[in-house]
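Visitor: coords please:
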Amino acid sequence: MLTIDLRSDTLTQPTAGMRDAMFAAALGDDVFGEDPTVLALEQKMATQFGMEAGLFCPSGTMTNQIAIRLHTGPQKEVICHQYSHIYLYEGGGIMANSMASVKLLTGDLGKITAAQVAESINPDDVHAPETTLVSLENTMNKGGGSIYTLAEVAPIRALCQEKGIKLHLDGARLFNALVETGDAPAEWGKLFDTISICLSKGLGCPIGSVLLGTTADIKRAKKVRKAFGGGMRQAGFLAAAGIYALDHQVARLKEDHRRARSLGEFLVKAAHVAEVLPVPTNIVIARLEGISPETYLQQLAGQGIKGVKFGKDLIRFVTHLDFGDDHLEEFGKRIGKF
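Guide: The predicted structure follows:
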């Protein structure tokens, strides 16, 4: 039976072309700043987003946590949505790594507004932590792959600049947003102090994330990366995969989005599915009724389909590079049996 694994877009395997690029990579010692392929990837992404410098790290969690460490600290506070990846899925890293406080906001499909941020900035009061960072996520995982627009972010940026607060973007799936909106990466680079971009999700790399920011911030970030155990030696093998993905595997993300929308249409008709959230990109979240996520996923597993529980009555599927039209057709046949 063909296995249909939609637990995450991190499950992809490197393509043949990516493997060739990896094994042809020029290498050096990246801790010494001498790996030419790592340097090329960092410069390529910084230039693309109109930012000064980049830092290659093992994971998106690390690049997010480094950024938070740069912009916060003890008795400081970060504002983010209550469903943000930095809060829910990074092992309590905000507290463990930066000893910072968090103020959690609500908002439709995982997004927050400038008005909410303005109301949440702490006063200059001895009793309150100092608000030093706002973090957004685009696309928003828990929002079903929802997309922030430039028009939504611009007033948040203006507010942060007015108040002297840093603005970070968890852009783990930023390229998924960009291929849908058509926005130029540099337009996003103008709005943020730091951006974390994961290479191992929709872009199909086996490992890696890049943190973008000013030259001064990235210099500090290298020291934090070292303390976090993220210094890598001949990392050009991995960076080459990132360069290949940026050159060959960005535009095809729209294929994942098309398949995700079709998958959502199959789910709407399935038994026990009460609702499917809007599907703007590659994440499909379904709300169940009359059955628990655990039981439903167990039944799906019996049909060779894998997804994840995403809330008390929610399940999630994520389309990706290794989920093709044959998998989609088979998914439709199998889900129709429920």
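Visitor: Just give the closest residue to the most centrally placed residue in the chain, not the sequence neighbours.
Guide: Central residue of the chain (CA atoms, centre = their mean): Ala172, 1.9 Å from the mean position. Closest residue in space to Ala172, ignoring its immediate chain neighbours: Cys198 at 4.1 Å, by CB to CB, 6 or more residues apart in numbering. In this view, the C-beta of every residue, glycine as well, is placed from N, C-alpha and C.
Visitor: can you give me phi and psi for the one you found?
Guide: Reported as degrees, to the nearest 10, the phi and psi values for Cys198 are phi -80, psi 140.
Visitor: Do I have it right that it meets Leu169?
Guide: No. In this structure, Cys198 sits apart from Leu169 without contact. The criterion is CB atoms under 8 Å, and the distance is 11.7 Å.
Visitor: hey, which strand is longest across the chain?
Guide: The strand of greatest length in the chain, counted in residues with DSSP state E as the criterion, is given as strand 130-137.
Visitor: which stretches of the protein form helices?
Guide: Along the chain, the stretches classed as helices by DSSP state H are 16-23, 36-48, 60-71, 85-88, 93-98, 114-120, 150-163, 174-181, 185-189, 215-227, 236-248, 253-268, 293-302, 325-335.
Visitor: unless I'm mixing things up, Ile94 is touching Ser84, no?
Guide: No. In this structure, Ile94 is not within contact of Ser84 by CB under 8 Å, at 9.8 Å.
Visitor: residues shared between the contacts of Cys198 and Leu169?
Guide: Shared contacts of Cys198 and Leu169, defined by CB atoms under 8 Å, 6 or more residues apart in numbering, are absent.
Visitor: and the residue nearest to Ile147 when sequence neighbours are not counted, how many neighbours does it have?
Guide: Using CB to CB, 6+ apart and skipping residues adjacent in sequence, the residue nearest Ile147 is Ala177, 4.6 Å away. Burial of Ala177, expressed as a neighbour count using other CB atoms under 10 Å, amounts to 22.
Visitor: Return the residues in contact with Ala177.
Guide: Asn138, Thr139, Ile147, Tyr148, Asp183, Thr281.
Visitor: How much space separates the residue nearest to Ala172 from Glu294?
Guide: 28 Å (CB to CB, to the nearest Å).
Visitor: Comparing those two, which residue is more hemmed in?
Guide: Comparing Cys198 with Glu294 by other CB under 10 Å, the one with more neighbours is Cys198, at 27 against 10.
Visitor: Look at the closest residue to Pro58 other than its chain neighbours and report its pLDDT.
Guide: Beyond its immediate neighbours in the sequence, the residue positioned closest to Pro58 (CB to CB, 6+ apart) is Gly230, lying 5.5 Å away. In the predicted model, Gly230 carries a pLDDT score of 97.
Visitor: Test my guess that Gly230 contacts Gly60.
Guide: No. Gly230 lies out of contact with Gly60 (CB under 8 Å); the separation is 11.8 Å.
Visitor: Identify the residues contacting the nearest residue to Arg233 once chain neighbours are set aside.
Guide: Spatial nearest neighbour of Arg233, excluding adjacent residues (CB to CB, 6+ apart): Asp29 at 5.2 Å. When the contact criterion is CB under 8 Å, 6+ apart, the partners of Asp29 are Asp35, Arg233, Gln234.
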